[in-house]
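1. Kindly generate the corresponding structure for this input.
(one chain, ligands or ions: 2)
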Amino acid sequence: MVPISTTPEFSREEVGLALRNPGMQLEGLRYPVTPIGMHYLLIHFDIPRVDPATYELPVTGRVRNPLKLTLEDIRARPKVTMPVMMECGGNGRAHLSPRPISAPWYDEAVGCAEWTGTSLRPILEDAGLLDDAVEILFTGHDRGLDQGVFHDYERSLTVESALRDEVFLAYEMNGVPLPPQHGSPLRLVVPDWYGMASVKWLKEIRAIEEPFEGVQQVLTYNYRQSADDPGTPVTRKYPHALMVPPGIPDFLSRRRHVEAGRITIEGRAWSGFGPVERVEFSADGGGTWYDADLGDAVGPYGWTSWGSEWDARPGEYELCARATDASGKTQPVDGKEAWNQGGYGINVVQRVPVQVG
Ligand SMILES: Nc1nc2c(c(=O)[nH]1)N[C@H]1C(S)=C(S)[C@@H](COP(=O)(O)O)O[C@H]1N2
Ligand SMILES: [Mo]
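-> Ligands and ions are numbered 1, 2, ... in the order given. Sure thing, here's the model as predicted:
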């Protein structure tokens with residue numbers, strides 16, 4: 001079902017996807033809150049143009065009291081502002097071999113924006129979920145063809161997940177109205193989960209009485225070892241640490257050049273399974289690990305800064321970082337351990353080749 005490439009070269013289609021869906025330059029890890037233009041983007045189809053002035057969001061289906069909310073109605077509700085670290089479920093896919101064909105991310109499908117909006121739960125309470133509602137379906141204004149099926153981009157959450165305190169509808173990003181590419185005028189934000197759950201350009205919220213089995217719920221975003229494996233859904237983000245590549249890069253290869261001496265390697269780490277408890281740093285490709293110092297998390301759903309002193313002596317090195325969270329989950333050192341059909345949830349340790357001196 002998911003096409004797999006056995007050649008190392010990227011196809012024209014993958015390059016096209018990468019141009020439409022840029023990642024965050026890793027030097028962007030220096031900012032606690034990612035500037036809008038540096039935050040990664042994942043747009044399956046086209047960016048729909050939705051007029052905020054005439055925008056209406058129906059909240060309907062298995063509810064006692066169907067609602068139709070304007071943007072003004074939504075802005076009048078109690079405000080939440082929250083930094084949320086977002087990562088695409090396909091981040092790391094390009095490290096795999098053979099490689100699933102989709103957006104060819106290495107490590108850069110990440111960002112931590114400060115989103116402002118209003119909590120979803122009170123809206124669902126106002127609509128009054130009927131007892132037979134099992135899931136809440138979030139539909140976007142964007143539509144296209146994938147897996148042989150024409151569909152709106154849509155995803156569901158179980159009622160229990162949708163009612164979680166931290167799930168909200170966002171109309172601002174970093175203090176300005178949502179830009180078109182990030183879901184204007186209104187998107188869902190599901191902190192802790194990979195990005196696919198945070199449906200952009202919301203067209204409708206519907207309480208449904210059967211589990212949703214649409215394309216983006218059951219055909220994509222499942223961990224599968226083979227095409228006939230029913231799979232398990234992609235949900236929370238696995239622990240992941242990234243470093244700001246040190247020194248200066250070679251333009252084409254991005255290989256790093258560092259002057260000899262004591263330097264600080266810094267980065268950020270996150271997990272959707274609990275707070276980051278440990279980050280380790282290795283200068284020898286994962287042979288020897290040292291504990292890094294942890295800084296503050298950017299709020300409960302943001303990322304955590306880390307730093308490690310490194311005595312850089314002349315030579316060739318491969319720098320790595322590895323996060324472990326409060327649930328005990330950590331990152332695989334080798335991509336082979338992590339392979340799955342769609343290339344989801346790949347949190348294999350980052351490797352940064354460096355020449356010192
Ligand atoms: N309507 C809609 N919502 C969507 C998508 C999309 O293509 N259409 N992409 C999803 C995926 S896979 C990701 S990773 C995030 C990316 O959000 P961003 O582009 O704001 O970073 O949006 C999610 N929400
Ligand atoms: Mo994604």
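
2. Point out where the stretch 1-150 of the chain drops to low pLDDT.
-> 1 (pLDDT under 70).

3. Now do the helices in it.
-> Ranges of helices in the stretch 1-150 of the chain, per DSSP state H, counting those that start in this stretch, are 12-20, 71-75, 120-127.

4. Is the residue nearest to the spatial centre of the chain bridged to anything, and to what?
-> Note on the chain: the residue nearest the mean C-alpha position is Glu87, at 1.8 Å, using CA atoms, centre = their mean. Applying DSSP bridges to Glu87 gives these bridge partners: Val110.

5. gap between it and ligand 2?
-> 8 Å (CB to the ion, to the nearest Å). For glycine as for every other residue, the C-beta is placed from the backbone atoms N, C-alpha and C.

6. go on, Glu318?
-> Distance from Glu318 to ligand 2, by CB to the ion: 28 Å.

7. That residue - how many residues pack around it?
-> 14 (other CB atoms under 10 Å).

8. Look at it and report its pLDDT.
-> At Glu318, the model reports a pLDDT of 98.

9. which ones are touching Gly307?
-> Listed by CB atoms under 8 Å, 6 or more residues apart in numbering, the contact set of Gly307 reads Thr264, Ile265, Glu266, Gly267, Ala292, Asp293, Gly295.

10. Let me have the helices of the stretch 1-150 of the chain in JSON lines, extended by mean neighbour count and distance to Arg322.
-> Formatted as JSON lines, the helices of the stretch 1-150 of the chain follow (neighbours: other CB atoms under 10 Å; distance: least, CB to CB, whole Å):
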{"stretch": "helix 12-20", "mean neighbour count": "13", "distance to Arg322": "26"}
{"stretch": "helix 71-75", "mean neighbour count": "16", "distance to Arg322": "41"}
{"stretch": "helix 120-127", "mean neighbour count": "17", "distance to Arg322": "34"}
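
11. Can you name the element that comes right after whichever strand or helix holds His257?
-> For His257, the host element (DSSP states H and E) is strand 256-258. Tracing the chain past strand 256-258, the next element assigned as helix or strand by DSSP H and E is strand 261-270.

12. Determine the set of other helices and strands touching the next helix-or-strand element following that next one.
-> Note on strand 261-270: by DSSP H and E, the next helix or strand toward the C-terminus is strand 276-282. On a contact count with 3 or more CB pairs under 8 Å, 6 or more residues apart in numbering; DSSP states H and E, strand 276-282 meets strand 240-243, strand 261-270, strand 290-291, strand 293-297, strand 304-312, strand 315-325.

13. Name the residues that touch strand 276-282?
-> Counting by CB under 8 Å, 6+ apart, 239, 241, 243, 265, 267, 269-270, 288-292, 294, 297, 303-304, 306, 308, 310, 319-326 sit against strand 276-282.

14. any idea how far the nearest residue to Tyr106 once chain neighbours are set aside is from ligand 2?
-> Closest residue to Tyr106 apart from its sequence neighbours, by CB to CB, 6 or more residues apart in numbering: Ala94 at 5.0 Å. Look at Ala94 and ligand 2: by CB to the ion, they are 14 Å apart.

15. same question, Pro22
-> Pro22 is 13 Å from ligand 2, by CB to the ion.
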